[in-house]
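Asker: Test case, fold it:
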Amino acid sequence: MAPERLSPHSIGQTVKRYAALAGYKAAEFGGHSLRAGFATSAAEKGASIFRIMDVTRHRSVETVRGYVRRAEEFTDHAGEGLL
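Answerer: Predicted coordinates for the structure are as follows:
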């Protein structure tokens with residue numbers, strides 16, 4: 001018998017289970033956490049938004065832009081070096 005494909009629900013349940021095992025509040029995590037975390041981490045490492053979209057399968061640049069905004073907040077910041 002072939003294994004079943006992962007569903008969005010099963011991915012979310014797996015993330016919640018491992019978050020709880022790690023001592024976090026499971027309700028604060030889900031499958032979306034993986035997607036958002038990947039987009040942010042990839043942006044922090046310098047990946048282009050279009051390469052990120054290739055992996056996450058986002059169709060909207062604006063949606064992905066929301067995820068990577070945190071990674072870019074202090075990149076080329078006008079106040080860099082003032083402190």
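
Asker: in stretch 57-76, what's buried?
Answerer: 58, 64, 67-68, 71 (16 or more other C-beta atoms under 10 Å). To be clear about C-beta, it is placed using only N, CA and C from the backbone, and glycine gets the same treatment.

Asker: which residues in this structure form helices?
Answerer: Along the chain, the stretches classed as helices by DSSP state H are 8-21, 31-44, 49-56, 61-72.

Asker: of all the ones you listed, which gets the most neighbours per residue?
Answerer: helix 31-44 (a mean of 16; mean count of other C-beta atoms under 10 Å).

Asker: How far away from the center of its chain is that helix?
Answerer: With C-alpha atoms, centre = their mean, to the nearest Å as the basis, helix 31-44 stands 1 Å off its chain's centre.

Asker: Let me see the mean pLDDT of that helix.
Answerer: Mean per-residue pLDDT for helix 31-44: 86.

Asker: residues making contact with that helix?
Answerer: With C-beta atoms under 8 Å, 6 or more residues apart in numbering as the test, helix 31-44 has contacts from 8, 11-12, 15, 49, 51-52, 55-56, 58, 64, 67-68, 70-72.

Asker: what is the orientation angle of that helix with helix 8-21?
Answerer: 80 degrees (axes from the mean of the first three to the mean of the last three C-alpha atoms, to 10 degrees).

Asker: ok, now how distant is Ala27 from Leu6?
Answerer: Ala27 sits 21 Å away from Leu6, going by C-beta to C-beta, to the nearest Å.

Asker: excluding its backbone neighbours, what's nearest Val15?
Answerer: Phe29 (5.2 Å; C-beta to C-beta, 6 or more residues apart in numbering).

Asker: still on that earlier bit, how about the helices of the chain in JSON lines, adding distance to Gly81?
Answerer: Putting those into JSON lines (distance: least, C-beta to C-beta, whole Å) gives the following:
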{"stretch": "helix 8-21", "distance to Gly81": "38"}
{"stretch": "helix 31-44", "distance to Gly81": "20"}
{"stretch": "helix 49-56", "distance to Gly81": "26"}
{"stretch": "helix 61-72", "distance to Gly81": "17"}
